[in-house]
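K.L.:
just a sequence and a predicted model for now, questions to come.
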Amino acid sequence: MIPLHPVTDVDHACPHCHVRLGVKGWYIPGMRNLAELACSQCGREFYGDLPAGHGLHYPMLLEKATGVVHDRVSVPWFSEWLYASYTQRRSEPLNLHVEEYKPVRRAVLLNCLDFRYGHCLLKLLNAQHYLDRRPDLGLIVLVPRYLRWLVPEGVASIWTVDLSLSRGIEWNDWLGQEIHRRIEELEECYLSVAFSHPHPDDVAIEKFTRVTPFPVHEWEERLYRPTVTFIWRGDRLWIGAPSDGIPEGEIGSSSCATLEQSLKIVTLATRLRKRLPGLDFAVAGLGKPGGLPEWILDLRMTTPDEEAERRLCQRYARSHVIMGVHGSSMLLPSAHAGAVIELMPEERWGNALQDLLLRKGDLREALFRCRVLPLTLSVDALCNVVVSLLDDWTGMLLHMQRKWCLHESGLISSAWVEAREQLHRRRSLRTLTIVTINTESPEERRVRGESLSGAADCSAGTLRELGHEAYDFYANDEALQKTWMHEHRLRVQGAQPSEPNAALLQHVRKAAEAPVRHFKDLIRPVLQALDSRHSWFYEILSTQIGHHQPDVLLVRDAGGIKGDFLKEIKPCVRLLVGQVTSTLPGRDELGCYDLVIASSPDAVAQCRSLGVRAELLGSAFDPQELVALVRQYL
Ligand SMILES: [Zn+2]
């Protein structure tokens, strides 16, 4: 702690006479914690940084008369901030709101003002040390308004300043005098060193956000809903290297670059969704919401309030994995999520880990759960890392966690095998998304229903009762199908769907015209899906399949859907299953299916002789049988 009142102590030397400067007092006109200094030889007067915040590492000295900053450590950004704030100093009153929770005579002041969000937040995390270790001192926290909600319980006093982030650099003499007057009323006051990167052992984030981080021990149970959140920021984008074709000078600000990020995120989410049944994918962070497919949860906000910030932390704490581009926007997400993937711009490697709040714990576990990767990572590579984190975490623990690597434990292989089996049992509980396509006409369906014969409807309701996401579509029922489109705010016949998809699709079309080679790969699947519909039948069907991206697509009459269409939608489906009821469909159609189910052994044999995987399943099968069967092929 730094002695502040009644006696201030700090070591600075006169840059002209090289003698120790006398300390006359202290002054805190904003983010800067300064000592008032004077040289006994030349008489010059100075302000010198007290060793708090970045002043600990980069102590600057400012000559009162000239504003010249002496920077003996050569850190221009920190010296320039001081120079700029001093030469543009203000003195108008600010709104300083004081909350007193405990009477206090001896105190420590934690100054969290800054004009970098991450700096403010990291300084505030120092509060816990005093609350845990220095009950003899009352803690006074000086915070900007937007951090008030994060001040932990137990502080003696909260001084909230209405100062926006961009004005956090200001030198305000009114504030300086106000802080001085209030501190002088105390018997004794220290200044917190406010480390710019407090140690994880000294911080429990839930004391600040009141949100408990992701319970890592429930990783596997929570995989029934794999939860992934992309942290959006508009000023540092996940886009390719300049060689990707983005025009120079536009990176970081152009709508072109923002569009590329959107497309990459949507492509990533789409691919993840195919590989992770029941995926819950969200985009969160600072930004204007809109323009994403509706199955992606859009949690972006331009000006979040305290309640919204806390809700976002709850989202991070539900997320198995959060990912985003390096920066202070990763602090709270990384503090709460199960695992973190950070994308590093090339010029920021020296700042790696500065924006990640990692939890205490085993070194190997921490490394496994925290991946710092280059920003130029492709969508597919990132997709693989996410899937691996989700799938392999528990297996990794079985090999590497302390309790499985303890010489004294007398561990026998049966315990290990049992743990592994338990893991697989929990895995098998994962839900599937199953879409069934019926191609009967309404009339055929009515007749069959009345006759009580033939195939029973593989009802979505039963599958849902089993815990799966399931949908039945009657592709030939124009009224039903068009109602579905209407309910999803989509229009048939190539018309543009309404919000929220319209913006994205417009972007996609615009991007296709842009002379940027890189976009083409990203948008080709979207455009193909849009342009290759021949009638409402296939148009609506492809929309429905694209919308749900099912794990299993079951076509109740394997011959009822054209081979060309099956080939087109196959990338959206993990397992394409065709049911053969009477006659075997043509070879073109049959060849598209990953699996054929048939109720007669003859049909099964015939399919297999054609090289098509086939299984026997009665016409009126139990949906549970279907689930058990398809799991073998997924
Ligand atoms: Zn001097």
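P.N.:
Cool, the structure landed.
K.L.:
drop to CA atoms for contacts and neighbour counts, all remaining ones
P.N.:
OK.
K.L.:
ok, now which ones touch the closest residue to the ion within the stretch 101-250 of the chain?
P.N.:
Closest residue of the stretch 101-250 of the chain to the ion, CA to the ion: Trp171 (24.9 Å). Shown in contact with Trp171 (CA atoms under 8 Å, 6 or more residues apart in numbering): 29-32, 85-86, 88-90.
K.L.:
next: Val73.
P.N.:
By CA under 8 Å, 6+ apart, Val73 lies in contact with 58-59.
K.L.:
switch to 7 Å and redo it
P.N.:
Val73 makes contacts with Tyr58, as judged by CA atoms under 7 Å, 6 or more residues apart in numbering.
K.L.:
domain assignment for the chain?
P.N.:
Domains of the chain are assigned by automatic domain parsing as 1-203, 212-402, 433-494+533-631.
K.L.:
next, format those domains as JSON lines and append mean pLDDT.
P.N.:
Below are the domains of the chain laid out as JSON lines (pLDDT from 0 to 100):
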{"stretch": "domain 1-203", "mean pLDDT": "96"}
{"stretch": "domain 212-402", "mean pLDDT": "88"}
{"stretch": "domain 433-494+533-631", "mean pLDDT": "83"}
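K.L.:
of the ones you listed, which is nearest Glu408?
P.N.:
Distance to Glu408, taken as CA to CA, is lowest for domain 212-402 among these, at 11.2 Å.
K.L.:
what's the offset of that closest one from the middle of its chain?
P.N.:
4 Å (CA atoms, centre = their mean, to the nearest Å).
K.L.:
and the end-to-end length of that domain?
P.N.:
24 Å (CA to CA, to the nearest Å).
K.L.:
Cys607 is in contact with Ala614, isn't it?
P.N.:
Yes: applying CA atoms under 7 Å as the test, Cys607 and Ala614 come out as touching, 6.2 Å apart.
K.L.:
TSV for the domains of the chain, including distance to Leu423?
P.N.:
Shown next, in TSV, are these (distance: least, CA to CA, whole Å):
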stretch	distance to Leu423
domain 1-203	30
domain 212-402	7
domain 433-494+533-631	16
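K.L.:
so which of those gets nearest Glu421?
P.N.:
With CA to CA as the criterion, Glu421 lies closest to domain 212-402 of these, at 10.9 Å.
K.L.:
mind listing the helices for the stretch 101-250 of the chain?
P.N.:
117-124, 127-133, 173-184, 206-209 (DSSP state H, counting those that start in this stretch).
K.L.:
most tightly packed of the ones you listed?
P.N.:
Mean neighbour count, computed with mean count of other CA atoms under 10 Å, is highest for helix 117-124 among these, reaching a mean of 22.
K.L.:
gap between it and the chain center?
P.N.:
Counting by CA atoms, centre = their mean, helix 117-124 comes out at 20 Å from the chain centroid.
K.L.:
likewise stretch 136-143?
P.N.:
How far stretch 136-143 lies from its chain's middle: 32 Å, per CA atoms, centre = their mean.
K.L.:
buried subset of the contacts of Trp171?
P.N.:
Listed as buried from the contacts of Trp171 are 29-32, 85-86; burial here means 16 or more other CA atoms under 10 Å.
K.L.:
spatially, which two of those are the most separated?
P.N.:
Top of the distance list for the buried ones among the contacts of Trp171 (CA to CA): Met31 and Tyr86, 11.8 Å.
K.L.:
near the ion, which residues of this protein are found?
P.N.:
14, 16-17, 39, 42 (CA under 5 Å from the ion).
K.L.:
buried among those? Need that as a selection in ChimeraX.
P.N.:
Command for ChimeraX that selects the buried part of the residues of the chain next to the ion, burial taken from 16+ other CA under 10 Å:
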select :14,39
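K.L.:
of the residues of the chain next to the ion, closest to Gly461?
P.N.:
For the residues of the chain next to the ion, the nearest to Gly461 is Cys14 (80.9 Å; CA to CA).
K.L.:
test my guess that the closest one contacts Arg20.
P.N.:
Yes: if you go by CA under 7 Å, Cys14 and Arg20 touch, sitting 6.3 Å apart.
K.L.:
contacting residues for the closest residue to the ion within the stretch 351-500 of the chain?
P.N.:
Here the stretch 351-500 of the chain gets closest to the ion at one residue, Asn351, 36.7 Å apart by CA to the ion. With contact set as CA under 7 Å, 6+ apart, Asn351 has no partners.
K.L.:
please, where are all the helices along the stretch 501-634 of the chain?
P.N.:
501-513, 517-531, 536-548, 563-569, 587-590, 601-609, 623-631.
K.L.:
restricting to C-alpha, output the fourth one in CSV.
P.N.:
C-alpha atoms of helix 563-569 as CSV (Å, rounded to 0.1, in the frame of the first residue of the first chain):
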residue,chain,number,x,y,z
GLY,A,563,-32.2,-37.3,-55.9
ASP,A,564,-31.1,-33.9,-57.0
PHE,A,565,-32.8,-32.3,-54.1
LEU,A,566,-31.4,-34.8,-51.6
LYS,A,567,-27.9,-34.1,-52.8
GLU,A,568,-28.4,-30.4,-52.4
ILE,A,569,-29.7,-30.6,-48.8
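K.L.:
and the contacts of it?
P.N.:
Counting by CA under 7 Å, 6+ apart, 542, 588-589, 592 sit against helix 563-569.
K.L.:
between the residues you listed, which is closest to Gln422?
P.N.:
Among the contacts of helix 563-569, and counting by CA to CA, the member closest to Gln422 is Cys592, at 35.7 Å.
K.L.:
what separation do you get for that closest one and Ser85?
P.N.:
For Cys592, the distance to Ser85 (CA to CA) stands at 69 Å.
K.L.:
repeat for His336
P.N.:
Taking CA to CA, one finds His336 at 35 Å from Ser85.
K.L.:
and Ser91, by the same measure?
P.N.:
For Ser91, the distance to Ser85 - CA to CA - is 12 Å.
K.L.:
again with Gly449
P.N.:
Where Ser85 is concerned, Gly449 sits at a distance of 80 Å (CA to CA).
K.L.:
apart from its neighbours in sequence, what residue is nearest Arg44?
P.N.:
Nearest non-adjacent residue to Arg44, counting by CA to CA, 6 or more residues apart in numbering: Ala38, 5.8 Å away.
K.L.:
and that neighbour, what does it touch?
P.N.:
21-23, 44-46.
K.L.:
farthest pair within the residues you listed?
P.N.:
Val23 and Arg44 (12.5 Å).
K.L.:
more crowded one of these two?
P.N.:
Shown here are Val23 and Arg44; by other CA atoms under 10 Å, Val23 has more neighbours (20 against 15).
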